[in-house]
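>>> my questions concern the predicted model and sequence given below.
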Amino acid sequence: MDSLAEAVLNGASPEQLEAAPLPGDYLAVHTLAEDADMFRGVADKDVRKSLQLGRVPMPEIAPDEVLVAVMASSINYNTVWSATFEPVSTFAFLNKLGKQGGWAARHDQPYHVLGSDASGVIVRVGAGVRRWRAGDHVVVSCVQTDDQEPAAHADGMMASEQRIWGYETNFGGLAHYTVVRASQLLAKPAHLTWEESASNLLTAATSYRMLVSERGARIKQGDIVLIWGATGGLGGFAVQLVKNAGGIPVGVVGSEAKAELLRRMGCDVVINRNEIGLGGDEAPTPERTIELGKRLGRAIRERVGEDPHVVFDFIGQATFGISVFVVRRGGAVVTCGSSTGYQHTFDNRYLWMNLKRIIGSHAANLQEQWECNRLFRLGMLTPILSEVHALKDTAEAARRVQLNRHTGKVGVLALAPEAGLGITDPGLRARIGEERLSPLRARGGAAPAPLAG
């Protein structure tokens, strides 16, 4: 381990961190441009074959950037997309960014360091950084924007230069160090561990914008919200946000085991999709869509007496037509992804004649992320971390997410030598309670056994 990393782990002062020499390279999970065609014509695009763990050169930081010693990160589905080189190779993003020249040229490399979540300690700040200093404990927003672009000041997600760090940029968080803009930083919640705080921001803030923000569904007290995939990273936070808003979450899951987990998370109404005969990732036929929509609608009305005001859908192809059908007159379907396929079909009569709305949503701007992080800092939102892996086992962790053999969020330790570190407000943690902070996690936080094959 390099001397700077040792200084971080030993709790060095800001002055000591600034004085410690930067290593010339660092350990990182990455993909290689030469592997971009490795899965062409292959049915099972096993991410364990494309994700590499090795040392990469330390980049120089720009004046508006900081270097963070990463204590922990997590797996998001964009890690799977990156590692399968689908729907497009991320090296196309890096090449396009590099063509801007200047500091952007650093991103166009034959390797791509992945990861769009991180918690850690700032060890260097650029000459133009004003609000942060070495030694600060931070979490990282996945959204990079150009703060000199006018559109970014109304809503950063509408800026033409908005990118997802660690997916559309290089030097991501699944590594010992990461380079981020100062405008991506938020204060780490002091009562959370490194791995807990690193598992929240991308998915929780995405759910916040979808449901709470004025740019999303704007849920209110009493709203019934149907949540597909309710024990996943997005869905688990959606349940909490609906509850916080005084709404009624209706969670849909694919097994009785996940249904039980969802009940432990406090979801008011739980529906096993096998209960309505919905299975697989293929889009049902138009006739089958209507039949399944009617079944789901009856199941919801039997439990709460009304149709849902909002449907939270990131599943996509397999569920979208049902979502449009089942949401009430004047209601909204809000979507941020399509894990089962991007081509959605639905009967438009049920949309226009019933004045329904479809809202597209993507990540969250910095203000929305700040508001969401505030809820964590107050203990009003809690992590849904289910398992923790070492950095060397990142490929195994990503494979679990690829196969949907996980619940909640999957954490990865980077420089943190073990789980459970990083807590600086034990009093708040004790008041919230370990059971509430770890509803999905096995005792001791051990990672599950490796997958076969």
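Great, that's in hand. Residues are numbered from 1 along each chain as shown.
>>> got the phi and psi for residue 67?
Main-chain torsions, residue 67, degrees, to the nearest 10: phi -110, psi 120.
>>> and the gap between it and residue 176?
Note on residue 67: its distance to residue 176, by Cβ to Cβ, to the nearest Å, is 11 Å. Where you see a C-beta, it was placed from the backbone N, CA and C, and this is true even at glycine.
>>> what helix or strand is residue 312 on?
Assigned by DSSP states H and E, residue 312 falls within strand 310-313.
>>> so for that strand, mean pLDDT?
For strand 310-313, mean pLDDT rounds to 98.
>>> and the next helix or strand past it?
Next helix or strand after strand 310-313 toward the C-terminus (DSSP H and E): helix 320-326.
>>> hang on, the earlier thing: the strand holding residue 312 pairs with which strands, parallel or anti?
strand 224-228 (parallel), strand 332-335 (parallel) (DSSP bridges).
>>> any stretches of the chain with poor pLDDT?
Where the chain drops to pLDDT under 70, the residues are 442-453.
>>> kindly recompute the last result at 80.
Per-residue confidence for the chain (pLDDT under 80) gives these ranges: 279-281, 441-453.
>>> the residue most distant from the middle of it, which is it?
residue 353 (34.9 Å; Cα atoms, centre = their mean).
>>> can you give me the helices for the stretch 301-450 of the chain?
Per DSSP state H, counting those that start in this stretch, the stretch 301-450 of the chain carries helices over the ranges 320-326, 348-352, 366-377, 394-402, 426-432, 434-437.
>>> helices or strands up against the first one?
Counting contacts by 3 or more Cβ pairs under 8 Å, 6 or more residues apart in numbering; DSSP states H and E, helix 320-326 packs against strand 224-228, helix 286-304, strand 310-313, strand 332-335, helix 348-352.
>>> about what we covered before: distance check, the residue farthest from the centre of the chain against residue 324.
12 Å.
>>> before we move on, what about residue 211?
Distance from residue 211 to residue 324, by Cβ to Cβ: 18 Å.
>>> need the winner for burial among the strands paired with strand 310-313.
Highest mean neighbour count among the strands paired with strand 310-313 (mean count of other Cβ atoms under 10 Å): strand 224-228, with a mean of 29.
>>> following that strand, which helix or strand shows up next?
Per DSSP H and E, the helix or strand that comes after strand 224-228 is helix 233-244.
>>> just checking, what packs against that next one?
helix 201-211, strand 224-228, strand 248-253, strand 310-313.
>>> tell me which element residue 86 is part of?
Per DSSP H and E, there is no helix or strand for residue 86.
>>> tell me how far the closest residue to it other than its chain neighbours lies from residue 82.
The spatial neighbour of residue 86 that comes closest, neighbours along the chain excluded (Cβ to Cβ, 6 or more residues apart in numbering), is residue 45 at 7.3 Å. Taking Cβ to Cβ as the measure, residue 45 falls 12 Å from residue 82.
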